[in-house]
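Novice: Output the structure for:
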Amino acid sequence: MDKNQNIKMLTGDPKKAINKLSIPIIASMFLIFSNNIIDSIWVAGLGADPLAALGYITPLFMVLIGIGNGIGAGGNSLISRYIGAENKTSANNAAIHNLILGVILSIIVSIILLIFLEPLLKIMGATSVLSYAMDYGVVIFSFSFAMLLPPIFGGAFRAEGDVKRATIPIAITAIINMSIDPIFIYTLNLGVAGAAWATVIAHILSVLVMIYWMLIKQDTYLKYNCDNFHNDLNIYKDILVVGIPASLEQLILSALTIVVNFMLTLVSGPVAVAVYTASWRIINLGMLPAIGVGTASISVAGVSYGARKYENLRVTARYAVEIALVASIIVCIALNIFANQIAFIFSYSENSAQLEPLIASFLQLMCLFILYVPFGASAGNVFQGVGKGTISFVLTTFREFVLVLIFAYILGFIFDMGETGIYYGMLLGGGIGSLICYACIELYINRLIRSQSHDI
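Specialist: Reported below is the predicted structural model:
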């Protein structure tokens, strides 16, 4: 198989590969999450109700993004394994199947979300801010393809080690979105719907750039032409074996947010939801080092697994946790120190001034959640990289939808600690679950190495 520099990097030292892949991924993710935060900041100027409306839409939006990331992870995993096995023909074919699958899913998901949007919002408890939520959601979900396709296409780019093509369009999208947000919200006087239109327009540009590289310029390592395409239902299946569980993981995380929103609505009302919405976006920003390193490890783990280099697989899992944990500790300390200053950016207007102390208290407590993420994220992504997406999904479900919710309910309601109890429960459940996840990946890799030594 002919190899360019990106492929040589992927098949070489796992530590160097993770370093090279993760830095641009983290940078682009930082811009994306900054964009989400700036969305909240601009909308916060409209008042607490519009901000709360974003909080109710956010879980559904994350389902959309999660499907894209999940299918992208499935394509990444399969293509990486073919590259590790030095089978470029199959890698090309898998990349084309990945593209086709993305287009089909975009159409299906958009239809489903538009049909069920209003009933879902009512079930989630968004009745008091329903008009704001619908104004934002209808625009976003009418153009679902613009949010779904970039992470799916990006998964193929990351599989071949071309992290620049996977991240630059998405980063530019975030910058454009941030720039035109105030124009659509305030200058054009579109309010919450303006924030949605800015998001859609920026994401469409990202899709167009990626399509240009793949189908018009055609200078990628993987080739997207008819000569390399041989329709094979098993390839769709192999992508979905990882992609569906990975997508469902995001569904679980979104469902968790929905349930937490509902719990907070019961104990404190829309103000608590607004605080959680704004603050949790900052916590998500703090998780980026761990998530970026974990995303990079999908490609590195897939190549190592395809080449049957299981010691490299162990190095990948352990190194991913090490560097992500160091970064997460630094972020946690910074958030604790600057909590008040960060809280101010969400409470700069007279309409939202009452949120400042509540957001600051949330950040000082929940920044501890960031410390657990390296263990769970690295383990889950390595499982995805080796094609074991179902294991990753089961572990994530157990961590987030069983442990986190159980402890949140017990402390928040049974012990009558209110919203503070809900937050303590999230910390406790997340910590225990993440450590269990990491123990499982260590056991799995050890079993692979023992099996290989017996074969020899």
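
Novice: Would you confirm that Glu400 contacts Leu253?
Specialist: Yes. Contact status for Glu400 versus Leu253: in contact at 5.9 Å, counting by C-beta atoms under 8 Å. In short, each C-beta sits where N, CA and C put it, glycine included.

Novice: now the helices: where do they sit in the stretch 51-200 of the chain?
Specialist: Secondary structure of the stretch 51-200 of the chain by DSSP state H, counting those that start in this stretch: the helices cover 88-123, 130-142, 144-159, 163-182, 192-211.

Novice: Show me which residues of the shortest one are buried.
Specialist: So that's helix 130-142. Of the residues in helix 130-142, those buried under the neighbour-count criterion (16 or more other C-beta atoms under 10 Å) are Tyr132, Ala133, Met134, Asp135, Tyr136, Gly137, Val139, Ile140, Phe141.

Novice: if I look at the residue lying closest to the second one once chain neighbours are set aside, how far off is Tyr305?
Specialist: Sequence neighbours aside, Ala53 is the residue nearest to Ala133 in space, at 4.2 Å (criterion: C-beta to C-beta, 6 or more residues apart in numbering). Taking C-beta to C-beta, to the nearest Å as the measure, Ala53 and Tyr305 are separated by 44 Å.

Novice: These two: who's more crowded?
Specialist: Higher neighbour count among Ala53 and Tyr305: Ala53, with 30 against 25, using other C-beta atoms under 10 Å.

Novice: show me where pLDDT drops low in the stretch 251-400 of the chain?
Specialist: Within the stretch 251-400 of the chain, the set of residues satisfying pLDDT under 70 comprises 346-352.

Novice: Now do the end-to-end distance for stretch 262-278.
Specialist: One end of stretch 262-278 to the other measures 16 Å (C-alpha to C-alpha, to the nearest Å).

Novice: Give me the residues contacting it.
Specialist: Outside stretch 262-278, the residues that touch it by C-beta atoms under 8 Å, 6 or more residues apart in numbering are 40, 44, 48-49, 51-52, 54-56, 58, 124-125, 128-129, 260-261, 346, 352, 354-355, 358-359, 362, 408-409, 412-413, 418-419, 422.

Novice: Check stretch 314-331 too.
Specialist: Stretch 314-331 is contacted from outside by 14-15, 18-19, 22, 286-287, 289-290, 293-294, 296-297, 300-301, 304, 367, 370-371, 373-375, 377-379, 381-382, 385, 438, 441-442, 445-446, 449, using C-beta under 8 Å, 6+ apart.

Novice: Please repeat the previous calculation with a cut-off of 7 Å.
Specialist: 14-15, 18, 286, 289-290, 293-294, 297, 300-301, 304, 370-371, 373-375, 378-379, 382, 438, 441, 445 (C-beta atoms under 7 Å, 6 or more residues apart in numbering).

Novice: Contacts only, for the closest residue in space to Leu114 that isn't next to it in sequence.
Specialist: The shortest distance from Leu114 to any residue that is not its chain neighbour, by C-beta to C-beta, 6+ apart, is 5.3 Å, and that residue is Phe141. Shown in contact with Phe141 (C-beta under 7 Å, 6+ apart): Ser110, Leu113, Leu114, Leu117.

Novice: Repeat the analysis, applying 10 Å as the threshold.
Specialist: Going by C-beta atoms under 10 Å, 6 or more residues apart in numbering, Phe141 touches 57, 60-61, 64, 109-117, 147, 196, 200.

Novice: Okay then, goodbye and thanks.
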